[in-house]
Structures are given as C-alpha cells and as structure tokens.
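>>> fold the following.
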Amino acid sequence: MHNGLGKTSPEVVRALVRSENRRKILMYLSKHPKRESYLEEIVKETGISHSNVLGTIRGNGNKYSRKLFLRILKLVRVITNHDFYH
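Numbers count the residues shown, from 1 in each chain. I've put the predicted structure just below:
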C-alpha cells in the first residue's frame, strides 16, 4: 500500500475508491490481521457473492481490471494450497 516513502500508491487509492467490494473485503481482512480467512468466511461476513469475492481478489475474466485485483496490488496474499486469504 505504501511505496516506501510513506505515500499511498495512486493505484491502490483508485482501486479502493472505484469498488465497494474491494473496500469491504479489505476491511474484513484488516480486522483479522493475524490469521488467514477462507473464501466462505469472507462471503458470509461481507455479503459479497463467491464469484465477486474471487474476482475482486484474484480475477475472473473481464469484469475486473487485472491491474486492480487485490492480489496484484499486494493488498491480499493468496495461499493457494488451502484457498486461504490473508
């Protein structure tokens, strides 16, 4: 989120301003910084559908801009062996 100089990346700001789903997912994950979350937990706690959670975090075709995925922005870490998100 920061570029090492204490400034927030314009891409991160743009991504969060443009998408309520990104904000909701990031806020949910930031409330639990010490643990990973399953997809089901994120869906249940945010009220966002499975496909939109996956699309927001790691992409799903044409609906989300690739450069604005939370994973690409390095705001979410995907642990693929267990489908955890952190």
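
>>> show me where this protein has its helices.
10-18, 20-30, 39-46, 50-58 (DSSP state H).

>>> between the two ends of stretch 39-58, how far is it?
Start and end residues of stretch 39-58 are separated by 12 Å (Cα to Cα, to the nearest Å).

>>> can you pull the buried residues of it?
Residues of stretch 39-58 classed as buried: 41-43, 45-46, 48, 52-58 (neighbour count, 16 or more other Cβ atoms under 10 Å). From N, CA and C alone the C-beta is placed, and that goes for glycine too.

>>> just the closest of those residues to residue 75, please.
residue 57 (9.1 Å; Cβ to Cβ).

>>> enumerate every residue touching that closest one.
Going by Cβ atoms under 8 Å, 6 or more residues apart in numbering, residue 57 touches 25, 69-71, 76, 78, 85.

>>> just the buried ones from these?
25, 69-70, 76, 85.

>>> any chance of the residues you listed in CSV with distance to residue 12 and pLDDT as columns?
Below are these laid out as CSV (distance: Cβ to Cβ, whole Å; pLDDT from 0 to 100):
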residue, distance to residue 12, pLDDT
25, 14, 89
69, 12, 75
70, 10, 76
76, 12, 78
85, 17, 65
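
>>> quick check, nearest of those to residue 9?
For those, the nearest to residue 9 is residue 70 (12.8 Å; Cβ to Cβ).

>>> what's the nearest residue to the closest one if we skip its chain neighbours?
Counting by Cβ to Cβ, 6 or more residues apart in numbering, residue 76 is the residue found nearest to residue 70 once chain neighbours are left out, at 4.0 Å.

>>> and if you look at residue 78?
Leaving aside its sequence neighbours, residue 78 sits nearest to residue 71 (Cβ to Cβ, 6+ apart; 5.4 Å).

>>> okay but the one you found is in contact with residue 79, surely?
No - using Cβ atoms under 8 Å, residue 71 makes no contact with residue 79, being 11.1 Å away.

>>> can you pull out the low-pLDDT segments for this structure?
Along the chain, the parts satisfying pLDDT under 70 run over 1-8, 60-66, 80-86.
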